[in-house]
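Chemist: Build me a structure from this.
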Amino acid sequence: MSVKVLKFVGKDELANQTAGGDEVSENSDSNANNLTLDTGNLLEMPENIARLINANDEMQELRRLLLTPEQSTIERLQKRIEELQTELSNFRDARVSEISKILPDAVALRGMQDDEFPEAMQVVVENSVKLSVERQPQLLADAMFPIFAPAIAKSIADALQKTSQSFNQTLEMSLSPRSIRWRIEALQTGKSFADVVLMHTLLFRVEQVFLIHQETGLLLAQASANVSETSDADMLSGMLTAIQDFVRDSFQQSAPDASLDALRVGDLSVWVERGQYATIAAVIRGNAPVDLRQTFAKAVKRVHLEKRAELAAFDGETETFATVKPKLEECLDFRLGSGGDSEKKASIFTPTNVIGGLLLTAFVVWSVFTIVDYWRWSNYLERLKSEAGVVVTEATRGWWKHRIAGLRDPLAINPDEILPEYELKPENVETHWESYYALAPKIVLMRAKMLLKPSQTVNLTFENGVLTANGTASQKWIDDAAKFAPTITSVERFDNKDLLPIEEAELNKLKTAIESQNILFVENSSKISSEQNGNLMDLTNKLEQINEVANQVGKNLLVESIGYSSDSGGGNVNSKISQIRAEQLLSTLTANSAKLHAAKNAHPENWTASGSGVNPQNNDNNAALNYRANIKVNWR
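Modeler: Numbers count the residues shown, from 1 in each chain. Next up, the predicted model:
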């Protein structure tokens with residue numbers, strides 16, 4: 001017996017598989033053919049195949065009934081989408097063409113309504129210009145040249161005209177009777193001349209501008225024209241708000257636009273310009289024109305355009321409004337007048353006033369030159385009076401020439417040479433000086449230096465009649481100075497106790513060099529080592545030099561040759577060999593130098609030789625020093 005199991009796919013599952021196309025058909029066929037056969041009886045196979053074919057036909061019919069409507073709908077939707085895309089593309093092209101026809105008129109109309117559209121387009125235009133300059137700067141320069149060239153020429157012409165007007169105004173302020181009157185007023189009131197001129201010529205000036213929050217009355221920002229600012233701007237803004245509320249309540253004005261437009265305090269006026277969220281209050285000195293309000297109205301509008309959100313949500317924080325200060329500073333305007341009517345101004349340049357002004361100018365110039373010349377001449381006379389060796393006996397200051405006379409030491413400063421230091425021309429000064437010997441310490445010292453001619457190692461000072469010399473000098477100069485110094489005028493005594501002969505210093509230097517030199521001998525012998533020839537020559541030269549210096553200062557040179565020996569022999573032997581070595585060194589030195597030989601023959605008692613025996617000062621344990629001899633010198 002066989003069992004047939006036929007599995008059908010539901011409508012919902014079949015619809016979900018529709019997007020798969022052929023895959024749906026294949027799955028449906030698979031599901032339709034999902035037939036489990038019992039193969040136990042092969043004889044029933046034909047019947048089963050027939051039944052299977054019938055089931056497949058039924059499945060095809062069922063699929064047609066279920067899928068045909070949805071497939072038609074999808075095809076219609078796809079066709080409609082393609083039509084809409086084509087229509088949209090055609091509509092966009094047509095719309096762009098239509099908008100391009102009305103866009104210029106729309107932009108022009110919107111720009112005339114208010115400043116919001118220009119403000120919105122500002123960033124776009126700036127970026128476009130910046131990009132154009134970066135890419136093609138020459139193109140922009142060529143395009144703007146026709147504008148800039150006339151503007152630059154006009155600017156230069158305006159600058160020259162303003163310079164000319166400023167020069168004329170300066171002359172007028174300097175020479176006119178009105179300027180003199182104003183200067184007198186400045187002296188009387190204690191004000192500066194500039195303040196007085198400003199007070200008389202100022203038509204109006206906006207001195208301070210305040211931005212006040214309308215609802216709270218708090219000060220948001222302020223700008224000042226570098227004058228004495230209000231001590232408490234917050235207090236002023238609060239007071240102004242209170243006054244407006246008082247006026248509104250007093251006159252029972254409840255309308256939103258009912259407010260105080262202006263108030264006056266002394267010579268100051270306060271103009272108020274309201275906006276939606278904030279108010280501008282301007283402090284004005286003088287009489288300002290009505291059209292100045294347009295400047296304040298534009299400033300209020302620009303502040304609201306930039307800070308509308310911050311003003312609407314104001315919570316008491318004012319730091320965010322610091323950026324609007326430049327807009328407030330644009331309101332700090334001023335205007336100057338002539339300070340008088342045209343008739344008075346025209347009457348200034350009368351012949352009398354012009355001549356009087358020229359005479360006054362000439363007098364002022366002459367006074368200035370006279371005062372300067374007097375100051376120079378006075379300083380010149382004070383300098384001469386303070387100089388040692390110059391005595392002014394006559395000084396006359398004239399219109400064209402000055403005259404001065406007196407006494408002058410030959411060593412004193414020359415008065416004619418210092419005239420240029422005081423910007424005095426020598427041809428305008430007549431001088432006459434008589435010679436005399438001054439006794440001023442400075443001149444006496446100069447005279448001593450001129451006569452004695454000291455070297456750079458000698459320092460001379462003069463005080464209370466005593467000429468003092470210190471330092472080092474040759475013995476000859478010391479002797480000559482001691483002889484001639486008392487003959488100098490005003491020198492009562494010559495003090496040279498601190499003046500050392502330069503020869504004595506040389507003697508001490510040579511003495512140290514000679515006594516530090518050792519001449520070595522052969523061991524256990526009185527023969528000088530052959531290696532000592534160079535030392536012998538050097539020692540000979542130094543002895544000749546010290547002998548010459550001693551003769552120059554009138555000293556007798558004392559020369560002593562001392563010999564030494566080792567301790568290897570007995571006492572008598574050591575003493576004897578050291579004596580022989582001393583005599584050998586002395587005879588060798590005099591034999592090598594004719595000058596030393598002559599000096600020894602002249603004073604043989606001053607040339608001696610002695611043996612010291614064993615060397616007691618050989619602390620270095622140098623064996624060679626035990627076989628030596630050296631020279632000791634002195635003078636008397």
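Chemist: Okay, strands next: where are they in the stretch 501-636 of the chain?
Modeler: 518-520, 557-565, 607-614, 628-635 (DSSP state E, counting those that start in this stretch).
Chemist: Residue 208: which of the ones you listed is closest?
Modeler: The closest of those to residue 208 is strand 628-635. By Cβ to Cβ, the value is 98.2 Å. Heads up, the C-betas are built off the backbone N, CA and C, glycines and all.
Chemist: Quick check: mean pLDDT of the closest one?
Modeler: Strand 628-635 carries an average pLDDT of 88.
Chemist: got TSV for the strands of the stretch 501-636 of the chain, with mean neighbour count and distance to residue 415 too?
Modeler: TSV is the format used below for the strands of the stretch 501-636 of the chain (neighbours: other Cβ atoms under 10 Å; distance: least, Cβ to Cβ, whole Å):
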stretch	mean neighbour count	distance to residue 415
strand 518-520	19	68
strand 557-565	23	57
strand 607-614	18	66
strand 628-635	20	54
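Chemist: lowest-confidence stretch among those strands?
Modeler: Taking the mean pLDDT of those, strand 607-614 comes last: a mean of 83.
Chemist: Okay, angle between that strand and strand 628-635 too, please.
Modeler: Orientation check (axes from the mean of the first three to the mean of the last three Cα atoms, to 10 degrees): strand 607-614 against strand 628-635 gives 140 degrees.
Chemist: packing partners for strand 607-614?
Modeler: Using 3 or more Cβ pairs under 8 Å, 6 or more residues apart in numbering; DSSP states H and E, the elements in contact with strand 607-614 are strand 557-565, helix 571-592.
Chemist: re the thing from before, let me know which of the strands of the stretch 501-636 of the chain is the nearest to residue 536.
Modeler: strand 518-520 (6.4 Å).
Chemist: Just the pLDDT at residue 27, thanks.
Modeler: Residue 27 is given a pLDDT of 43.
Chemist: Point out the most buried one among the helices and strands packed on strand 607-614.
Modeler: Stretch with highest mean neighbour count among the helices and strands packed on strand 607-614: strand 557-565 (a mean of 23; mean count of other Cβ atoms under 10 Å).
Chemist: Kindly calculate the angle that it makes with strand 628-635.
Modeler: 160 degrees.
Chemist: what lines up beside strand 557-565 in the sheet?
Modeler: Using DSSP bridges, the strands paired with strand 557-565 in its sheet are strand 607-614 (parallel), strand 628-635 (antiparallel).
Chemist: could those go into JSON lines alongside distance to residue 424?
Modeler: Output for these, formatted as JSON lines (distance: least, Cβ to Cβ, whole Å):
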{"stretch": "strand 607-614", "distance to residue 424": "74"}
{"stretch": "strand 628-635", "distance to residue 424": "63"}
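Chemist: Out of those, which gets nearest to residue 224?
Modeler: strand 628-635 (93.5 Å).
Chemist: Quick one: end-to-end length of stretch 463-479, please.
Modeler: With Cα to Cα, to the nearest Å as the measure, stretch 463-479 spans 21 Å from end to end.
Chemist: what does the average pLDDT come to for it?
Modeler: Mean per-residue pLDDT for stretch 463-479: 87.
Chemist: ditto for stretch 422-439
Modeler: For stretch 422-439, the mean confidence score works out to 86.
Chemist: Return stretch 279-293 as PDB; C-alpha atoms alone will do.
Modeler: The C-alpha coordinates for stretch 279-293 follow below in PDB (Å, rounded to 0.1, in the frame of the first residue of the first chain):
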ATOM      1  CA  THR A 279      18.700 101.100  23.300                       C
ATOM      2  CA  ILE A 280      21.500 103.400  22.300                       C
ATOM      3  CA  ALA A 281      22.000 106.500  24.500                       C
ATOM      4  CA  ALA A 282      24.400 109.100  23.200                       C
ATOM      5  CA  VAL A 283      25.900 112.000  25.300                       C
ATOM      6  CA  ILE A 284      26.300 115.000  23.000                       C
ATOM      7  CA  ARG A 285      28.000 118.300  23.800                       C
ATOM      8  CA  GLY A 286      26.700 121.300  21.700                       C
ATOM      9  CA  ASN A 287      23.900 121.400  19.200                       C
ATOM     10  CA  ALA A 288      23.900 118.300  16.900                       C
ATOM     11  CA  PRO A 289      21.900 118.200  13.700                       C
ATOM     12  CA  VAL A 290      18.800 116.100  13.500                       C
ATOM     13  CA  ASP A 291      20.300 113.800  10.800                       C
ATOM     14  CA  LEU A 292      22.700 112.500  13.500                       C
ATOM     15  CA  ARG A 293      19.900 110.300  14.700                       C
END
